[in-house]
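Enquirer: give me a model of this one.
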Amino acid sequence: HQHQHQHQHQHQHQNRNNNAFTSNTRLFSTSTPSSSSPTTGEQEEGAPKPQADQRPSAGMTPDHVEPEDAIIHIAPKAMIRLRELRAQANDEIVLRMGVRNGGCSGLSYVMDFSTRGDILEDDAVDEYEKEGVVCVVDAKSMLYLYGLELDYSDELIGGGFKFFNPNAEESCGCGSSFGV
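Expert: Model prediction:
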């Protein structure tokens, strides 16, 4: 990944020497769409990443009981949202969480609704019995997701469920991908 990055840098440098005008316009035209897309978290390396540590539930105390040795910690705001979803579904919610390759930092989180019938032997299961919420993590993703915190942001842009991963060495501003 680093090698690729250096290569791009040299390429831009050559452009600037050959013809400053075209490289400027090219830079300008490419920067407009990417700045409006929330997934390019790595564009400016020195730039502060405002969403990385700003947790929607900061300062709130959980009002739910966690199962022993919970793999994934559900933050208060995320639990409020899950309760709403459960009320809409009129049934318990089974959430399957995992990791797949891709995303701006190398790996990205996957979260989907599932059913009890889909739970496999190797899966790790967190049962929030009082809440009617079940979190399922497959064996491969366990390494990456252990200790993960699931939070929920109700911001209009960039809102939704967010993951905060203590195992990740770099996370991007969009809160849905990470590198280890």
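Enquirer: can you give me the helices in the protein?
Expert: 2-18, 20-36, 50-53, 76-89, 139-145 (DSSP state H).
Enquirer: by mean pLDDT, show me the worst of the ones you listed.
Expert: Of all these, mean pLDDT reaches its minimum on helix 20-36 (a mean of 43).
Enquirer: model confidence for the residue nearest to L85 when sequence neighbours are not counted, exactly?
Expert: Take L85 and drop its neighbours on the chain: the residue closest to it by Cβ to Cβ, 6 or more residues apart in numbering is I93, 5.9 Å away. In this view, the C-beta of every residue, glycine as well, is placed from N, C-alpha and C. Turning to I93, the model gives it a pLDDT of 94.
Enquirer: relative to D112, how far out is I93?
Expert: 11 Å (Cβ to Cβ, to the nearest Å).
Enquirer: these two: which is more packed in?
Expert: When neighbours are counted by other Cβ atoms under 10 Å, I93 comes out ahead of the other of I93 and D112, with 19 against 11.
Enquirer: the more buried one reaches G132, doesn't it?
Expert: Yes. With contact defined as Cβ atoms under 8 Å, I93 counts as touching G132 (6.5 Å).
Enquirer: where do the contact lists of those two overlap?
Expert: Here I93 and G132 have R86 as joint contacts, going by Cβ atoms under 8 Å, 6 or more residues apart in numbering.
Enquirer: A89: how many residues sit nearby?
Expert: As a burial measure, A89 scores 11 neighbours (other Cβ under 10 Å).
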